[in-house]
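**Q** Here is a sequence with its predicted model. Questions after.
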Protein chains: 2
Amino acid sequence: MDQPSPPRPAVMIDVARLAGVSHQTVSRVLNGHPSVRDETRERVLTAVRQLNYRPNALARGLAGRRSRVLGVVSFDTILYGPAATLLGVERAARAAGYGVSIVTLEQLDHDGVSDALSALAEQSVAGVVIIAPFTNTAAALRSLPIGIPAVVVEAGLSGALPAISVDQAAGTELAVRHLLELGHETVWHVRGPQNWLEARDREDAWRSTLEGAGRSVPPMIDGDWSARSGYEAGLRLAGDPRVTAVFCANDQQALGLLRAFHERGVRVPDDVSVVGFDDIPEAEFMSPPLTTIRQDFDEVGRRCLAMLLDLLDSPVEPPTYPRVMPVLVSRASTGIRPSVNGTA
Amino acid sequence: MDQPSPPRPAVMIDVARLAGVSHQTVSRVLNGHPSVRDETRERVLTAVRQLNYRPNALARGLAGRRSRVLGVVSFDTILYGPAATLLGVERAARAAGYGVSIVTLEQLDHDGVSDALSALAEQSVAGVVIIAPFTNTAAALRSLPIGIPAVVVEAGLSGALPAISVDQAAGTELAVRHLLELGHETVWHVRGPQNWLEARDREDAWRSTLEGAGRSVPPMIDGDWSARSGYEAGLRLAGDPRVTAVFCANDQQALGLLRAFHERGVRVPDDVSVVGFDDIPEAEFMSPPLTTIRQDFDEVGRRCLAMLLDLLDSPVEPPTYPRVMPVLVSRASTGIRPSVNGTA
DNA sequence: CAGACGATTGTTAGCGTTCACAGCGCGGTT
DNA sequence: AACCGCGCTGTGAACGCTAACAATCGTCTG
């Protein structure tokens, strides 16, 4: 009488009938409600297995208040930072029993964020992680009457929303100090795109670290995270004998810079030392291997999720989480010897 | 009497009341049903705007058959290929009015895929895109009684499921022929991880292209996509005078290889020519700039989605889409001059 | 002018779950 | 012996929407 593969997937009432209980009892078993007799629970679970029953998340979300899906708003998931954070969040979410719905931003203005958020709201996500570290995101978010708990990655602590961030200032300080300690008079900077918060933070910290050490602050060069922009910056810097140390706002830019230096016969680290930021997997194998600042994106993802789950439990008091601390990874692009140009 | 911001988000019945119609008429307007008087439609739309009403996707999915959410199963979304494909799929999905739910695979066996798929099934996704190009994925998928329409990326055409793929053989042939045409006697190969389909395809095509040209097939070197593995391969290859041309299974491996060669004083392209695969954004700025095979992942994403939507419309006849053709991007790592070692 | 038909709208039932509120049976109090 | 309370279970009503059918109106056909 058993058909081996039921044409229609089993629903709760099927399980209930097979187990000889009411659908509500099945629901209780599935949700870990305490007051169910062990024997009954067993019977239900057996039926669940037998029918290969899987609860319908849609119905669950509709009936109860909360869905088991989180939303992630991200931008350009090919970039290492966002991609790594996304992966971290997804893993942590899955471990906590949540699904993840993503929306990538095309435009990074108020409307973009707004659209993304309402797209997620339509799906009744329980909460949202926003990985959109732009300078104007904070403002956009503040003016959004989002009804959903949200956590922002790297949006500075300026916004009204609880945020997880890597301590960019600390990382930058590590980089700059490292170079100064190697004997460089000052450190040049190829900064990131101005509408990214990280880029701003790094630039600010670079400047203030230099100033704090009583060094002159050279004019900085523009970049946009891309290797190309680093390359162009490198061409500009290559001719200048004053340049003995460069701090790039990310590793891709550093790669381009290294390329330009190589082309122009500038030796790294003999003539110029170079430091990047991120520690992408390729950094170790650049020519020369790149000294850089490692950020633990996995940890960022994990904390994001922890924070968001806290927020779901008690929407009143947004807990503050400590910033994730980056570390310096010293490699050959600065390693060998401090070189102060002209000191022969 | 109006409260400016309703405490509870408006639902369909609210709109209906405000517009003086039944909730069903609202539903009709929202779903573009033809038989609604223009004047009525206007009234409803006005009410929708006024209440800032957004239909609840959960309820929609529950009541109707199909949800407007697609699932994506992916592996390691930090890798360039999968990340780029994911982004392409997400963009295309969003353009088509679909949300995207992702699950990343931890383990790449049957159970991993199975778990991921049922996690998505719970969310009642309308269809699934599987970006998990492993050799055993095909087998795992075939044995899965998935009830949801699915499209596989790069799973070869071996599986039972409709697939979109880049023509790996064509790309590899471009790479190998390019090297042969430059005058190299044969081409060495640093292959990718053996459980990846692309890696297999590229290795096979490398071998058969050489054989087809009547050249000897050197032993290939193992790699795992990482720059590190390319570096190790490079160290091994650097001492060998027979090695004048190397085809790496991806750009990261090529980067590591270049690093190793540089360390060992092997000049590229003077002593050895190197070709990669993927054309990651950094390829152009490696030292030297890397000749490589460009894959249009955006196009892959778009076709995936088109195919999946076709499948949703008519589950009977899975349409076949043409393979995406990669192109050769020639740069300095092979460009300058064909060098046949020993010909001084 | 009766009947039919198309366009438009309303009504009623679910979709598969959880929530709130009973019920039932049993042991321990008074 | 009647009562309360507790552990366990069942019943009915949402949740917000779409599907299927019924109802109404005006118009068209013969």
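**A** Received, thanks.
**Q** how about the helices in chain A?
**A** Counting by DSSP state H, chain A has helices at residues A:12-19, A:23-30, A:38-51, A:57-63, A:80-95, A:110-122, A:135-142, A:168-181, A:197-212, A:227-238, A:251-263, A:297-313, A:332-335.
**Q** Tell me the residues on the stretch 201-344 of chain A that lie near chain B, please.
**A** Counting by CB under 8 Å from any CB of the partner chain, the positions of the stretch 201-344 of chain A adjacent to chain B are A:226-228, A:230-231, A:252, A:255-256, A:258-259, A:262, A:281-282, A:284-287, A:289. For every residue, glycine as well, the C-beta is placed using N, CA and C.
**Q** go with 6 Å
**A** A:227, A:231, A:255-256, A:259, A:262, A:282, A:285, A:287 (CB under 6 Å from any CB of the partner chain).
**Q** Look up how far chain B lies from residue A:299.
**A** 15 Å (CB to the nearest CB, to the nearest Å).
**Q** Can you tell me the number of residues neighbouring that residue?
**A** Counted with other CB atoms under 10 Å in any protein chain shown, the neighbours of residue A:299 add up to 16.
**Q** Now it: closest residue in space that isn't a chain neighbour?
**A** residue A:324 (5.3 Å; CB to CB, 6 or more residues apart in numbering or on different chains).
**Q** Ok, residue A:208 next?
**A** residue A:169 (8.0 Å).
**Q** quick one on the thing from earlier: how about the helices of chain A, which one is nearest residue B:132?
**A** helix A:80-95 (14.5 Å; CB to CB).
**Q** check whether the closest one contacts chain B.
**A** Yes. Counting by CB under 6 Å from any CB, chain B has neighbours in helix A:80-95: A:83-84, A:87, A:90.
**Q** rewinding a little: pull the number of nearby residues for the residue nearest to residue A:208.
**A** 17.
**Q** now swap in residue A:20 and tell me
**A** 11.
**Q** State the distance from it to residue B:310.
**A** As judged by CB to CB, to the nearest Å, residue A:20 and residue B:310 stand 45 Å apart.
**Q** gap between residue A:74 and chain B?
**A** Distance from residue A:74 to chain B, by CB to the nearest CB: 9 Å.
**Q** ok, that residue touching residue A:82?
**A** Yes. Residue A:74 is within contact range of residue A:82, at 5.3 Å (criterion: CB atoms under 6 Å).
**Q** What separation do you get for the residue nearest to residue A:175 when sequence neighbours are not counted and residue A:189?
**A** If you skip the residues right next to it in sequence, residue A:175 has residue A:275 as its closest partner in space, 4.5 Å away by CB to CB, 6+ apart. Distance of residue A:275 to residue A:189, given as CB to CB: 10 Å.
**Q** Now the common contact residues for the two.
**A** Shared contacts of residue A:275 and residue A:189 (CB atoms under 6 Å, 6 or more residues apart in numbering or on different chains): residue A:247.
**Q** show me where pLDDT drops low in chain A?
**A** A:1-7, A:65, A:145-146, A:155-159, A:315-318, A:335-344 (pLDDT under 70).
**Q** Show me what from it comes close to DNA strand D.
**A** A:20-25, A:28, A:34-37, A:39-40, A:59, A:62-63 (CB under 7 Å from any atom of the strand).
**Q** I would like a PyMOL command selecting only the buried ones among those, please.
**A** Here is the PyMOL command that selects the buried residues among the residues of chain A next to DNA strand D (16 or more other CB atoms under 10 Å in any protein chain shown):
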select buried, chain A and resi 21+25+28+36+40+59+62
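**Q** Check the residues of chain A next to DNA strand D and tell me the two furthest apart.
**A** Going by CB to CB, the pair spanning the residues of chain A next to DNA strand D furthest: A:39 and A:62, at 31.3 Å.
**Q** hey, what's in contact with both of residue A:74 and residue A:82?
**A** Shared contacts of residue A:74 and residue A:82 (CB under 6 Å, 6+ apart): residue A:131.
**Q** So residue A:19 sits against residue A:45, correct?
**A** No. Taking CB under 6 Å as the contact criterion, residue A:19 and residue A:45 are not neighbours in contact, 8.6 Å apart.
**Q** Settle it for me: which of these two has more neighbours?
**A** Neighbours per residue, other CB under 10 Å: of residue A:19 and residue A:45, the larger number sits with residue A:19, 22 against 16.
**Q** separation between the more buried one and residue A:264?
**A** From residue A:19 to residue A:264 the distance is 76 Å (CB to CB).
**Q** Surely the residue nearest to residue A:208 and residue A:205 touch.
**A** Yes. Residue A:169 is within contact range of residue A:205, at 4.0 Å (criterion: CB under 6 Å).
**Q** Of the helices of chain A, flag the one that's most buried.
**A** helix A:251-263 (a mean of 27; mean count of other CB atoms under 10 Å in any protein chain shown).
**Q** Off-centre distance for it?
**A** 25 Å (CA atoms, centre = their mean, to the nearest Å).
**Q** again, but for stretch A:177-188
**A** Mean-position distance between stretch A:177-188 and its chain equals 29 Å (CA atoms, centre = their mean).
**Q** and what of stretch A:242-258?
**A** 23 Å.
**Q** Outside of that stretch itself, list whatever touches it.
**A** A:175, A:179, A:184, A:187-192, A:199, A:202, A:206, A:223, A:225, A:227-231, A:233-234, A:237, A:272-278, A:280, A:283, A:286, A:290, A:292, A:341, B:282, B:285.
**Q** out of these, which touch DNA strand C?
**A** Within the contacts of stretch A:242-258, nothing lies near DNA strand C by CB under 7 Å from any atom of the strand.
**Q** what distance separates the start and the end of stretch A:274-283?
**A** 12 Å (CA to CA, to the nearest Å).
**Q** for stretch A:241-251, same thing?
**A** 23 Å.
**Q** Could I get the buried residue list for it?
**A** A:243-251.
**Q** Export the residues you listed as CSV, with columns for distance to DNA strand C.
**A** Output for these, formatted as CSV (distance: CB to the nearest atom of the strand, whole Å):
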residue, distance to DNA strand C
A:243, 63
A:244, 64
A:245, 59
A:246, 57
A:247, 52
A:248, 51
A:249, 47
A:250, 45
A:251, 46
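**Q** now, which of the residues you listed sits nearest residue B:140?
**A** So of these, ranked by how close each gets to residue B:140 (CB to CB), first place is residue A:251, at 35.5 Å.
**Q** gap between the closest one and residue B:285?
**A** Residue A:251 is 11 Å from residue B:285, by CB to CB.
**Q** Next: residue A:283.
**A** Counting by CB to CB, the gap from residue A:283 to residue B:285 is 13 Å.
**Q** same question, residue A:247
**A** Taken as CB to CB, the span from residue A:247 to residue B:285 is 18 Å.
**Q** before we move on, what about residue A:292?
**A** Using CB to CB, residue A:292 is found at 16 Å from residue B:285.
**Q** One more: residue A:92?
**A** Taking CB to CB, one finds residue A:92 at 34 Å from residue B:285.
**Q** quick one, what contacts residue A:67?
**A** So residue A:67 contacts A:61, A:124, A:126 (CB under 6 Å, 6+ apart).
**Q** Check those against residue B:298 and report the nearest one.
**A** Distance ranking of those against residue B:298, using CB to CB, places residue A:124 first at 30.0 Å.
**Q** show me what contacts the closest one?
**A** By CB under 6 Å, 6+ apart, the neighbours of residue A:124 are A:61, A:67, B:58.
**Q** Hmm, residue A:59 and the last one touching each other?
**A** No. Using CB under 6 Å, residue B:58 is not in contact with residue A:59, being 8.2 Å away.
**Q** what about the residue lying closest to residue A:51 once chain neighbours are set aside, how many neighbours?
**A** The spatial neighbour of residue A:51 that comes closest, neighbours along the chain excluded (CB to CB, 6+ apart), is residue A:10 at 3.8 Å. Counted with other CB under 10 Å, residues neighbouring residue A:10 total 17.
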